[in-house]
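Asker: Just a sequence and a predicted model for now, questions to come.
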Amino acid sequence: MLETLRRIVQDVSAAPDLPSALAITVNQIRDAMHVAACTLYLADEDNREYVLMATAGLNPQAVGRVRLNRQQGLIGLVAERQEPLNLEDAARHPRFYQVQDVDKEDYHAFLGVPLIQYRRVLGVLTIQHTVSRQFQPAEVDFLVTIAAQLASTSITPFSAAPPGTAQPAGNRHPRPARHRRCAGCGDGHRDHPAPAGRTRRRS
């Protein structure tokens, strides 16, 4: 699995833009994990929704068009809990929400993991399969690792550009800024400004 992870990260890093990176991600995950579908939702923070931005196994026409509010369906639940959700039969869960013309009735097993950066949910990565079973711990760990890698290297919050519209050159597949941990609170952002009348000593 480590070699598979390395290959996915390399291919995503070499992608020319974000849509290409997302398509590579879901297709390679589906093939590597031998599942029926892999789908990625990204957070649209302005509208408080999760937008289906890439899929391998569901209706490709849904990309960029399907939107779920933050409390809707299993996607919303994964984001709320900020932890993996591993279900033997997704349709039996009380939070299951079937998206018309997108979800398939013969998909049962479901695993969703959040993409988190600095305690903010950037999206949700899912895999689905036709058999009813829970995914093994090694499979969960693999998907969690990919989600963490994506969140730290290539995924950005949802852009409002219409599907098929090229993103501005400055927004293509950007890498998040690397911030030092704040010496005052230990959080992952730049140091707080120095108090008035004091100058920050340069190291």
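Answerer: Yep, that arrived. Numbering: from 1, shown residues only.
Asker: Going by C-alpha atoms from here, please, whenever you check contacts or count neighbours.
Answerer: Noted.
Asker: The host helix or strand of Ile116 pairs with which strands, and in what direction?
Answerer: Using DSSP states H and E, Ile116 falls within strand 109-117. The pairing partners recorded for strand 109-117 under DSSP bridges are strand 85-87 (antiparallel), strand 120-129 (antiparallel).
Asker: Beta-bridge partners for the closest residue in space to Val35 that isn't next to it in sequence, please?
Answerer: Beyond its immediate neighbours in the sequence, the residue positioned closest to Val35 (Cα to Cα, 6 or more residues apart in numbering) is His129, lying 5.1 Å away. Under DSSP bridges, the beta-bridge partners of His129 are Ala109.
Asker: List the residues that contact His129.
Answerer: By Cα atoms under 8 Å, 6 or more residues apart in numbering, the contact set of His129 is 35-37, 107-110.
Asker: Please, which helix or strand holds the closest residue to Met33 other than its chain neighbours?
Answerer: Closest residue to Met33 apart from its sequence neighbours, by Cα to Cα, 6+ apart: Glu139 at 7.6 Å. For Glu139, the host element (DSSP H and E) is helix 137-153.
Asker: Now do the residue nearest to Val35 against Leu85, distance only.
Answerer: Plainly put, His129 is 14 Å away from Leu85 if you go by Cα to Cα, to the nearest Å.
Asker: Same question for Ala91.
Answerer: Ala91 is 13 Å from Leu85, by Cα to Cα.
Asker: cool, and Val140?
Answerer: For Val140 relative to Leu85 (Cα to Cα), the value is 9 Å.
Asker: Show me which of these two is the more surrounded one.
Answerer: Leu85 (20 against 17; other Cα atoms under 10 Å).
Asker: need the contact list for that one.
Answerer: Counted by Cα under 8 Å, 6+ apart, Leu85 has contacts 78, 110-113.
Asker: Leu52 reaches Asn59, doesn't it?
Answerer: No. Taking contacts as Cα atoms under 8 Å, Leu52 lies outside contact range of Asn59: 10.6 Å.
Asker: more neighbours, these two?
Answerer: For the pair Leu52 and Asn59, the greater number of neighbours falls to Leu52 (23 against 13), based on other Cα under 10 Å.
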